[in-house]
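In: how would this look folded up:
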Amino acid sequence: MDIRLILVQVFVVLFAITVHEAAHAWTALKFGDPTAAALGRASLNPLVHIDPVGTVIFPLLLIIFQQPVFGWAKPVPYNPYNLRRPRQGSLWISFAGPISNLLTAGAAVLLFQFLKLFGARIPDSSLLIKPLGGVSVVLFATALINASLAIFNLIPIPPLDGSGILAGLLSEKAAAKYARIRPYGFFIIIALMYTKILTLIFSPVQQLIAKLFT
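Out: Here you go, the predicted structure:
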């Protein structure tokens with residue numbers, strides 16, 4: 001794989017995860033909990049969010065093996081007892097990360113469509129040597145990685161954001177029962193990867209992004 005394309009994807013992964021985590025922290029602050037903001041986690045500085053494995057090593061391996069790219073950062077802490085409306089606040093804090101990534105992906109698609117008026121083409125690594133081509137490659141990677149990260153996090157398996165969203169929609173009794181699967185969440189995710197179910201989930205996203213960049 002072209003080393004330049006690897007570097008572009010690493011940069012985009014870092015940016016996507018930073019936006020994702022900052023959105024969690026910012027939303028928690030808006031709902032009344034300053035815990036994450038006090039720790040500097042509402043910042044767009046990637047250094048405060050990096051998890052060596054989830055932000056660097058794991059995404060890099062996915063890039064090298066040409067798999068859908070996603071990852072994770074250090075968890076954003078929040079105290080539900082500080083929230084003005086704990087259940088609603090927790091739901092929106094969970095939802096904020098995926099929403100931020102979907103908005104970022106949408107912005108990249110719109111910018112590429114605008115640049116097509118000036119001759120931007122379907123991006124591939126050979127275009128990196130040309131300024132407009134290089135921007136197209138970065139925008140494509142931004143849209144694909146942010147959309148993939150959002151979809152991955154919307155899967156309702158702890159500790160992914162989708163589990164927090166689902167718990168917020170359930171009754172308190174049902175949410176308590178649902179929380180019992182939390183210790184097994186990581187193993188469920190590994191099973192989804194091993195059985196290639198995650199690939200089936202990501203495939204429509206990849207196809208949609210590719211179509212939007214034609």
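
In: tell me the contacts of the residue nearest the centre of the chain?
Out: Nearest to the mean C-alpha position of the chain, by C-alpha atoms, centre = their mean, lies residue 149 at 3.1 Å. Residues in contact with residue 149, defined by C-beta atoms under 8 Å, 6 or more residues apart in numbering, are 16-17, 20, 69-71, 98, 101. Where C-beta positions appear, they are placed from N, C-alpha and C, glycine not excepted.

In: 7 Å - rerun?
Out: Residues near residue 149 by C-beta atoms under 7 Å, 6 or more residues apart in numbering: 16, 20, 70, 101.

In: in what helix or strand does the first one lie?
Out: Secondary-structure assignment from DSSP states H and E places residue 16 in helix 3-30.

In: give the buried residues for that helix.
Out: Under the neighbour-count criterion of 16 or more other C-beta atoms under 10 Å, helix 3-30 has 5, 8-10, 12-30 buried.

In: same check on stretch 188-198?
Out: 189, 192, 198.

In: quick one: contacts of it?
Out: With contact meaning C-beta under 7 Å, 6+ apart, stretch 188-198 is reached by residue 157.

In: per-residue confidence averaged over it?
Out: Averaging pLDDT along stretch 188-198 yields 88.

In: got the contact list for residue 80?
Out: Neighbouring residues of residue 80 by C-beta under 7 Å, 6+ apart: 86, 90.
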